[in-house]
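> below are the sequence and a predicted model; questions follow.
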Amino acid sequence: MTGYLVTGATGQLGRPTAAALRADGHDVRGLTSSGREGTAAADLVTGEGVDTALEGIDTVVHLATANGRRDLEMARTLARAARRSGVGHLVLVSIVGVDRIPLSFYRDRLRIEEIVAGSGVPSTVQRATQFHSLVAGLFAAQRFVPAVVAPAWRFQPVAAEEVAVRLAELAVGEPRGRVPDIGGPEQRDLRDLHAAWKRASGDRRPLLPVRLPGKLFAAYEGGAALVRGEPFGRRVFEDYLRERYGA
Ligand SMILES: NC(=O)c1ccc[n+]([C@@H]2O[C@H](COP(=O)([O-])OP(=O)(O)OC[C@H]3O[C@@H](n4cnc5c(N)ncnc54)[C@H](OP(=O)(O)O)[C@@H]3O)[C@@H](O)[C@H]2O)c1
């Protein structure tokens, strides 16, 4: 068995990961619940179609998400099915700071890491920082308010396409357990990222800086979303903005 299965292969991260593996000459099958774009249709929440999608697969890169609690069920379903079918390597992407930032979404991501580590399938877990698109989305989502709220948090956004290349490299290698975290080339204040987004998007609303007591603010202000050591990747936030909004 030499095949690769990328779950969430039509997603922001899944698409370039599958492409990077194919560009390297590997046999790749995508998996989504919709079966769009030639992917195998399998629902990781119900388990329907998952065993069939795993036939002939040695390495699974798990990137599917429903962005919520169902992700736990999806990880359990996949881990059990991968074990049953004799998968030799399960690669998972996770998020920098899931063990330090008190968000329930992050608690679930940490639990998913544990599910994969305890699955009985040799695994590799790569945590990455926020994608550029997610940071831009934080501002863009605040469409109906007169000012954009942004706390004094520091982020180190990274290009999803560059994370994808790293995941493809990990997938073809041996299982390594948790590997060192990766974060983009720059650590920046959210207010500074907002200024760049505002220039690129043409949004005219002012920034409303906020600061609140509590563990969540303390964690972000203390750098829990940042990676110490060597930065990863070359693409900075402005590169993303140029592509998204034009020059
Ligand atoms: N965004 C960030 O800043 C960031 C940073 C670090 C790590 N990550 C992690 O990266 C991963 C991928 O995120 P993304 O932004 O690429 O996600 P995305 O663009 O929302 O894509 C989600 C993918 O999952 C599939 N999917 C959803 N429900 C499914 C189900 N029940 N069964 C099978 N497939 C299903 C979707 O296809 P269908 O809808 O057709 O099923 C789609 O292909 C996530 O684990 C996320 O936590 C994200």
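In hand now; what should we look at?

> what phi and what psi does the backbone show at residue 127?
The phi and psi values for residue 127, taken as degrees, to the nearest 10, are phi -90, psi 140.

> check residue 89 too.
When quoted as degrees, to the nearest 10, the phi and psi of residue 89 stand at phi -160, psi 120.

> next: residue 5.
With angles defined as degrees, to the nearest 10, residue 5 sits at phi -120, psi 130.

> and it, what are its bridge partners?
Beta-bridge partners for residue 5, by DSSP bridges, are residue 29, residue 60.

> number of residues surrounding it?
30 (other Cβ atoms under 10 Å). Placement of C-beta: from N, CA and C, glycine included.

> can you give me the pLDDT of it?
For residue 5, the pLDDT comes out at 98.

> and if you look at residue 2?
At residue 2, pLDDT is 67.

> likewise for residue 153?
89.

> what comes up buried for stretch 8-25?
Buried residues in stretch 8-25, counting neighbours by 16 or more other Cβ atoms under 10 Å, are found at 8-21.

> repeat for stretch 90-110
Applying 16+ other Cβ under 10 Å to stretch 90-110 flags 90-98, 101, 106, 108-110 as buried.

> tally of neighbours for the nearest residue to residue 159 once chain neighbours are set aside?
Setting aside the residues directly before and after it, residue 159 is nearest to residue 235 in space (Cβ to Cβ, 6 or more residues apart in numbering), at 3.8 Å. Residue 235 has 17 neighbouring residues, counting by other Cβ under 10 Å.

> partner strands of the lowest-mean-pLDDT helix or strand in the chain and their direction?
One helix or strand of the chain scores below all others by mean pLDDT, DSSP states H and E: strand 207-210, with a mean of 86. Counting by DSSP bridges, the strands paired with strand 207-210 are strand 148-151 (parallel).

> what's the next secondary structure element after the partner strand?
strand 154-155 (DSSP states H and E).

> pLDDT wise, what is residue 247 at?
Residue 247 carries a pLDDT value of 67.

> helices or strands up against the helix or strand hosting residue 15?
Taking DSSP H and E as the definition, residue 15 sits inside helix 14-23. Contacting helix 14-23 under the criterion 3 or more Cβ pairs under 8 Å, 6 or more residues apart in numbering; DSSP states H and E are the following elements: strand 3-7, strand 28-32, strand 57-62, helix 160-172.

> what sits against residue 53?
Residues near residue 53 by Cβ atoms under 8 Å, 6 or more residues apart in numbering: 5, 29, 31, 40, 42.

> mind doing that once more with 10 Å?
Neighbouring residues of residue 53 by Cβ atoms under 10 Å, 6 or more residues apart in numbering: 5, 7, 29-32, 35, 39-42, 44, 60, 78, 81, 85.
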